[in-house]
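Peer 1: Sequence first, then the predicted structure:
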Amino acid sequence: MDLLSILQVLLKGTLITAELAVISFAMAFVIAIPFSLGQVYGNIPIKIITTSYERIIRGVPLLVVMFIIFFGFPSIGIRFDPFTASVLSLGICSSAYQSQIFRGSLLSVPNGQIMAGQSLGMKGTQIFIHITLPQAIRFSIAPLTNEFTIVLKDTSFAYALGVTELLREGTYIISTTYEPLLIYLLCAAIYFIITFSTNSIVRRVEKRFAIHGFEFRGERA
Amino acid sequence: MIKFINVFIEAFPFFMNGLVFTAELALSSISIGFVIGVLVAISRTYGNKLSYSISTIFVESIRGTPLLVQLFIFYFAFPQIGIHLSPLVASIISFSINSGAYQAEYIRGSIQSIDKGQMMAALSIGMTKWKSILNVILPQSLIKVLPSWTNEFAYLVKYTSVAYLVGVPELMAQGEFVASRNFEFMDVFLGVALIYLVIVMILTWGMSRIEKMVRMPGV
């Protein structure tokens, strides 16, 4: 195999990797928002449920979640193909981290602003929509990007279930070319290019939406 | 529920065998990673241009690629250049390097958060640059970094499960071994999950105790 056809196969795998990452990140996002709202604004039982969900998921390795969903669920009659099982487990694991990110950014809006809103006669939902949310979204951009790159790197675990993503395609090529060093370094380079470009694009977006004269959490460090 | 308990008790000796390897992997990688992390963090903050660029390239390239790929490079690709590593050694090396890069970032963050006046004060009473880093800056930043360091430790414990894919007989591999004999995949892997959960919770609890013990008064 020449380098061009190797790259062609690897790019095919990269597409699957990207699909895995984007779908499971979006799924986690949808799960995480109600959970973080429950953790911040919920009553005590809701707080207990959402917090224990987060704690439990964050304490279990992704690989174990994948094996429970892919190998364990058939025994209670639910069968997933490898791709779906990977998306579900990536999504569930990431949702716990994302809900923690949202919780943190909701709580990092200074209390004085909320009091100021109240003193102007705004209602709770008005304060949330006009004061808390716009700032919390900005706070969460940097950690969310970080989380996305983590999900992207973790999609390589789908290799274990036999999804033909980047790493699996690389392993297939190695079994015919016997060039593990070159192929795995190529795989690493592709992952690196994706994470690096994601980071630099988002940094621009963040600057674009920054509030002028406002100290930004991401830039303080 | 009763079935789960039965399966769990039956598999428990295997889990314990695996736990030894998981602990070995996690403890040795976090300690080697810590040494790497401190050195890289110092060279990124106080080093000259050359050491800054080398350590930055190291951190960025490790953090930009998946742990699994790094492990495969050490285990499957290194024999091509004549270096044969056992599964356990390859795992420990790749986990240490990976964790070292993440720890370096955390430690760098906490070094930079130490007030500049501290360094100036140390220099003004006649300490050399390295002495003040070692005796003034580093102790404070290592205490400050503890919460995020705990996070990294928990991450690492969970990521040791990846070693199963190159054939280290750790917790995950033992679970797979038991489940492939009694076909109770659900119960066995729930048991594995439970053990990881308990380890991570004990770890977080213990570290928060340590944080309270070493916290500097008045800071």
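Peer 2: That came through fine. Just so it is clear, the structure is predicted and the values come from calculations on it, not from any experiment.

Peer 1: Which helix or strand lies directly C-terminal to whatever helix or strand B:Trp130 lives in?
Peer 2: Element membership for B:Trp130 (DSSP states H and E) is helix B:129-132. Later in the chain than helix B:129-132, the nearest helix or strand by DSSP H and E is helix B:138-144.

Peer 1: Briefly note if that following helix comes near chain A.
Peer 2: No: against chain A, helix B:138-144 shows no contacts by Cβ under 8 Å from any Cβ of the partner chain, the least distance being 12.2 Å. Every C-beta, even on glycine, is put in place using the N, C-alpha and C of the backbone.

Peer 1: Pull the residues that contact that helix.
Peer 2: Contacts with helix B:138-144, where a contact means Cβ atoms under 8 Å, 6 or more residues apart in numbering or on different chains, come from B:38, B:42, B:107, B:110-111, B:113-114, B:118, B:214-216, B:219.

Peer 1: With respect to A:Phe73, which of these is nearest?
Peer 2: Nearest to A:Phe73 among the contacts of helix B:138-144, counting by Cβ to Cβ, is B:Ile107 at 41.0 Å.

Peer 1: ok, how many other residues are close to the nearest residue to the closest one once chain neighbours are set aside?
Peer 2: Leaving aside its chain neighbours, B:Ile107 sits nearest to B:Ala41 (3.8 Å; criterion: Cβ to Cβ, 6 or more residues apart in numbering or on different chains). When neighbours are defined as other Cβ atoms under 10 Å in any protein chain shown, B:Ala41 has 27 of them.

Peer 1: Make CSV out of the contacts of helix B:138-144 and add neighbour count.
Peer 2: Output for these, formatted as CSV (neighbours: other Cβ atoms under 10 Å in any protein chain shown):
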residue, neighbour count
B:Val38, 20
B:Ile42, 22
B:Ile107, 26
B:Ser110, 22
B:Ile111, 22
B:Ser113, 13
B:Ile114, 16
B:Gln118, 13
B:Val214, 11
B:Arg215, 12
B:Met216, 9
B:Val219, 7
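
Peer 1: Hmm, which of these is lowest in pLDDT?
Peer 2: Within those, B:Val219 has the lowest pLDDT, namely 64.

Peer 1: And A:Thr84, how far from chain B?
Peer 2: Separation of A:Thr84 from chain B (Cβ to the nearest Cβ, to the nearest Å) stands at 17 Å.

Peer 1: So what's the residue count around that residue?
Peer 2: Neighbours around A:Thr84, by other Cβ under 10 Å: 15.

Peer 1: shaky segments in chain A?
Peer 2: Counting by pLDDT under 70, chain A shows low-confidence ranges at A:212-221.

Peer 1: Could you pick out the longest helix of it?
Peer 2: helix A:3-41 (DSSP state H).

Peer 1: Most widely separated two among the contacts of helix B:138-144?
Peer 2: B:Ile42 and B:Arg215 (23.1 Å).

Peer 1: what about the helices in the chain?
Peer 2: Assuming you mean chain A. With DSSP H as the criterion, chain A has helices at A:3-41, A:44-58, A:62-67, A:82-107, A:111-119, A:124-127, A:133-154, A:166-177, A:180-209, A:217-220.

Peer 1: Please refer instead to chain B.
Peer 2: Under DSSP H, chain B gives helices at B:2-45, B:49-63, B:67-72, B:87-112, B:116-124, B:129-132, B:138-144, B:146-159, B:171-182, B:185-214.
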